[in-house]
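Engineer: I would like to see how this sequence folds:
(chains A and B)
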Amino acid sequence: MEDIKTLTDFQYDALKEVGNIGIGNATTSLSQMVNKKVEISLPDLKLVPIIQVPIIVKNAAPVVGIIQQLKGDSSGFLVLLLSKDSAKLLIKLVLGQAEDSATFNEMEQSVLLELGNIMNGTYITSLSNFLGIALGLSPPNQVYDMADAIINQIVGMMSLDVEDVLFLRTEFTVNSEKIEGRILIFTDSVSLTKILDAINRLLGK
Amino acid sequence: MEKLIVGIADLVVVHNPAVLVTIGLGSCVGISLRDPVARVGALAHIVLPTIEEAKNKSNPLKFADSGIEMAIQKMLERGCLRGRIESKIAGGASMFSFADNMNIGEKNVVAVIRKLGEMKIPILAKDTGGNYGRTIEYHVETGLLVVKSAFRGVKEI
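Structural biologist: From the prediction side, this is the model:
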């Protein structure tokens, strides 16, 4: 299959719109879980050599990452990232309380895992339905560590087969609670071909 | 002192004095090298164990075997002697794993140790494996490798 190295403006816009739909649906599910209004910002999209995946945060403050492998017509990874404070605030909204500690207890971890699983799942299901392609997710993995190291391992795991990666970053905020999070998608250029074909089909091209 | 950032699949070779930094090592491995007499140091950030199995071999710095060879070559070009070069390594964690996981971190560490052994470069210290990320700072002048992690404090090796 042809390896895509560049995208047209139209393809960029179409893919960003796909990201918008995904994050829109994911945050709707979050909104229902916590009963708060959730805002989203414009997605950021890049097609870059995998080793140039941008450094996400330049400090070592740990973040919560809920990581899932993307399967089916697209392969790659999907990651939900939350700062520690945002994660604690979300837990508080769900459980009514959160421990004021540097780490997360078992109950808190399971809440985060479940929130992540639901948000990531809604994201992917909406893309799958919208594009008419088969997308699935592995069971979630949870880590609490440096964001760059989390991304670093994803780069390592994808680098075996992949040179270029489509990197889609979507962000959301619960303004009333000062909660913010990001969902990142990493997918390879073969998957990208399938996604672009699906977009063309939708447009009747 | 100026800190030079070493990216993913990257190598920086410098003359003293300098601090070389690589941020957020997950499964990747950072290999610090120096010749204390020539006062030249290097830091490489490799992603995968071997170029042999790679489909795309265009960037030797991506792999442990070819990356180390290139680092040593660049050091020799800057007046280092093979017999004086020493190394320290860090990284190669497995922060999360999936069913079809191939534990790249561990394979990277094995490949780095093997290649350094083949090239007869002594490994003075290492901080590898585990399930957590590391940011490293290599002080070329002293050979000190500072390993920072989110919850395990700062190690000097």
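
Engineer: can we go C-alpha only for contacts and neighbour counts from here?
Structural biologist: Fine.

Engineer: which residue does chain A have closest to chain B?
Structural biologist: Residue nearest to chain B within chain A: A:Ala149 (4.0 Å; Cα to the nearest Cα).

Engineer: next, count neighbours for B:Arg82.
Structural biologist: The number of residues packed near B:Arg82 is 15, by other Cα atoms under 10 Å in any protein chain shown.

Engineer: next one: the one 3 residues further on
Structural biologist: The tally of other residues near B:Ile85 (other Cα under 10 Å) stands at 22.

Engineer: again with the one 5 residues further on
Structural biologist: Using other Cα under 10 Å, B:Ala90 has 26 other residues around it.

Engineer: near chain A, which residues of chain B show up?
Structural biologist: Residues of chain B lying near chain A by Cα under 8 Å from any Cα of the partner chain: B:8-9, B:23-28, B:47-48, B:54-56, B:94-98, B:104, B:132-135, B:149-150.

Engineer: the same query, at a cut-off of 7 Å, please.
Structural biologist: By Cα under 7 Å from any Cα of the partner chain, the residues of chain B that approach chain A are B:8-9, B:23-28, B:47-48, B:54, B:96, B:104, B:132-134, B:150.

Engineer: which of those residues fall within helices?
Structural biologist: Among those, the ones falling in helices (DSSP state H) are B:Ile104.

Engineer: what about the residue most central in space within chain A, which SS state?
Structural biologist: For chain A, the residue nearest the mean C-alpha position is A:Ile183 (2.7 Å; Cα atoms, centre = their mean). Three-state call for A:Ile183 (DSSP: H, G, I helix; E, B strand; the rest coil): strand.

Engineer: hang on, isn't it packed against A:Phe77?
Structural biologist: No - counting by Cα atoms under 7 Å, A:Phe77 is not a contact partner of A:Ile183; they are 10.4 Å apart.

Engineer: so B:Ile89, which of the three states?
Structural biologist: Three-state call for B:Ile89 (three-state DSSP): strand.

Engineer: what's around B:Glu52, how many residues?
Structural biologist: Neighbours of B:Glu52 (other Cα under 10 Å): 11.

Engineer: tell me how far it lies from B:Gly30.
Structural biologist: 20 Å (Cα to Cα, to the nearest Å).

Engineer: go on, A:Ile183?
Structural biologist: For A:Ile183, the distance to B:Gly30 - Cα to Cα - is 28 Å.

Engineer: same thing with B:Val47?
Structural biologist: Noted for B:Val47: a distance of 9 Å to B:Gly30, by Cα to Cα.

Engineer: burial of residue 83, as a residue count?
Structural biologist: This is for chain A. Other residues near A:Ser83 number 19, with proximity taken as other Cα under 10 Å.

Engineer: sorry, should have said chain B
Structural biologist: Using other Cα under 10 Å, B:Gly83 has 11 neighbouring residues.

Engineer: wait, is it part of a strand?
Structural biologist: No - assessed with three-state DSSP, B:Gly83 is helix; it does not lie in a strand.

Engineer: isn't the residue of chain A closest to chain B right up against B:Gly26?
Structural biologist: Yes - in this structure, A:Ala149 is within contact of B:Gly26 by Cα under 7 Å, at 4.3 Å.

Engineer: between the two, which has more neighbouring residues?
Structural biologist: Taking neighbours as other Cα under 10 Å, A:Ala149 and B:Gly26 compare with B:Gly26 leading, 35 against 28.

Engineer: show me which residues of chain A are close to chain B?
Structural biologist: Contact residues (Cα under 7 Å from any Cα) of chain A with chain B: A:51, A:60-62, A:141, A:145-146, A:148-150, A:152-153, A:156-157, A:160.

Engineer: are any of those residues buried, and which?
Structural biologist: By neighbour count, with 16 or more other Cα atoms under 10 Å in any protein chain shown, the residues of chain A next to chain B hold A:51, A:60, A:62, A:141, A:145-146, A:148-150, A:152-153, A:156-157, A:160 as buried.

Engineer: before I go, just wanted to say thanks for your time.
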